[in-house]
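[1] Have a look at this fold, sequence not included:
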């Protein structure tokens with residue numbers, strides 16, 4: 001029975017990973033200081049014989065008694081509203097938190113998977129974005145605290161692999177959505193869903209022609225699991241390559257929610273990427289993975305969740 005530590009395990013993605021691994025027979029240690037996560041996301045697992053929750057800040061020295069087979073480092077603020085509000089904490093968990101979790105992986109002989117991000121590509125000059133593209137990032141802009149924290153985390157992860165032989169993986173995660181997203185986290189899907197369900201205007205930044213690609217959380221978690229057990233050490237893109245404009249996405253949310261909401265436009269935030277689409281050729285080849293849930297089906301799967309929070 002494998003034992004897996006998930007940092008940020010009470011967050012959106014982390015909690016779905018807890019469920020996924022528990023269902024596959026793992027013993028799971030969920031570590032989270034609840035800065036942006038919520039105990040509600042894992043409340044249904046409290047008391048399970050193979051689940052343990054630890055309230056802890058992973059930028060400090062980490063001690064875990066007993067064997068650890070896998071470490072999934074998902075601790076970090078992950079939406080613009082969070083890392084603009086918590087810039088120092090974002091930089092610390094990407095640097096110190098990655099260092100501490102890699103040290104634990106080295107000590108325990110554990111597999112290690114870093115949750116990196118498409119933000120490593122910044123406002124890209126190459127489209128779609130393959131893993132060998134180095135990115136176009138403003139290191140001193142307001143979004144740089146997240147972008148550079150993750151880029152440093154990738155560099156540190158590769159250093160531990162090359163120098164210490166740690167069995168590392170790097171997942172570059174593109175826009176993902178599903179249940180347990182915070183409705184106030186500022187990302188497009190929860191914002192549009194809540195505005196639409198409440199009959200409010202949907203706020204689109206810029207002229208709405210910037211593009212995004214949205215992956216359903218169930219698909220992403222399967223990709224992460226396959227990457228964890230692969231022999232690939234270099235970064236792998238995980239996301240849905242179906243690209244659409246933000247304006248098209250807003251209209252799709254209005255359609256699915258059957259709302260009478262209108263669309264209004266606001267100024268584009270600083271350094272907001274104009275295009276975002278993963279090249280998942282490598283994931284298909286190395287992992288045999290690609291998303292299966294289309295956007296309309298995925299939106300319908302999460303509709304009830306957001307309806308319950310719009311009341």
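    Thanks, I have it. Computed from a predicted structure; not experimentally measured.
[2] drop to CA atoms for contacts and neighbour counts, all remaining ones
    Will do.
[3] where does this protein have its least confident helix or strand?
    The helix or strand of the chain with the poorest confidence is helix 80-85; it has a mean of 92 (mean pLDDT, DSSP states H and E).
[4] In this structure residue 176 contacts residue 218, no?
    No - using CA atoms under 8 Å, residue 176 is not in contact with residue 218; the gap is 9.4 Å.
[5] list the residues that contact both of the two?
    With contacts defined as CA atoms under 8 Å, 6 or more residues apart in numbering, no residue is shared by residue 176 and residue 218.
[6] What backbone torsions are found at residue 4?
    With angles defined as degrees, to the nearest 10, residue 4 shows backbone torsions of phi -120, psi 130.
[7] ok, now which ones touch it?
    26, 27, 28, 29, 68, 69, 70, 71, 72.
[8] Which SSE is immediately downstream of the least confident helix or strand of the chain?
    Following helix 80-85 in sequence order, the next helix or strand is helix 87-108 (DSSP states H and E).
[9] contact partners of that following helix?
    58-63, 67-71, 73, 75-77, 83, 111-112, 145-146, 148-150, 152-153, 156-157, 160, 164, 166.
[10] Identify the residues contacting stretch 129-149?
    Residues contacting stretch 129-149 (CA under 8 Å, 6+ apart): 78, 80, 83-84, 87-88, 90-95, 119-126, 235-237, 270-271, 276-280.
[11] From these, list just the buried residues.
    78, 80, 83-84, 87, 90-95, 119-124, 235-237, 276-280 (16 or more other CA atoms under 10 Å).
[12] which SS state does residue 14 fall under?
    helix (DSSP: H, G, I helix; E, B strand; the rest coil).
[13] Could you check how far it is from residue 273?
    For residue 14, the distance to residue 273 equals 25 Å [CA to CA, to the nearest Å].
[14] Looking at these two, which one has more neighbours?
    Under the criterion of other CA atoms under 10 Å, the comparison of residue 14 against residue 273 puts residue 14 first, with 26 against 18.
[15] Buried ones only from the contacts of helix 87-108, please, as a PyMOL command.
    The PyMOL command for the buried members of the contacts of helix 87-108 (criterion: 16+ other CA under 10 Å) is given here:
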select buried, resi 58+59+68+69+70+71+73+75+76+77+83+111+112+145+146+148+149+150+152+153+156+157+160+166
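[16] So which of the contacts of helix 87-108 belong to strands?
    Judged by DSSP state E, the contacts of helix 87-108 include 70, 71, 73, 111, 112 as members of strands.
[17] right, and the pair among those residues with maximum separation?
    Using CA to CA, the ones in strands among the contacts of helix 87-108 span at most 10.9 Å, a distance reached by 73 and 111.
[18] still on that earlier bit, which outside residues touch the least confident helix or strand of the chain?
    Residues contacting helix 80-85 (CA under 8 Å, 6+ apart): 36, 77, 89, 90, 142, 143, 145, 146, 185, 186, 187.
[19] Let me have those in a markdown table, adding pLDDT as columns.
    Shown next, in a markdown table, are the contacts of helix 80-85 (pLDDT from 0 to 100):
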| residue | pLDDT |
| --- | --- |
| 36 | 97 |
| 77 | 96 |
| 89 | 98 |
| 90 | 98 |
| 142 | 91 |
| 143 | 93 |
| 145 | 97 |
| 146 | 97 |
| 185 | 90 |
| 186 | 90 |
| 187 | 92 |
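[20] Is it possible to get CSV of those residues that adds distance to residue 198?
    Shown next, in CSV, are these (distance: CA to CA, whole Å):
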residue, distance to residue 198
36, 24
77, 26
89, 33
90, 31
142, 30
143, 29
145, 33
146, 31
185, 17
186, 16
187, 17
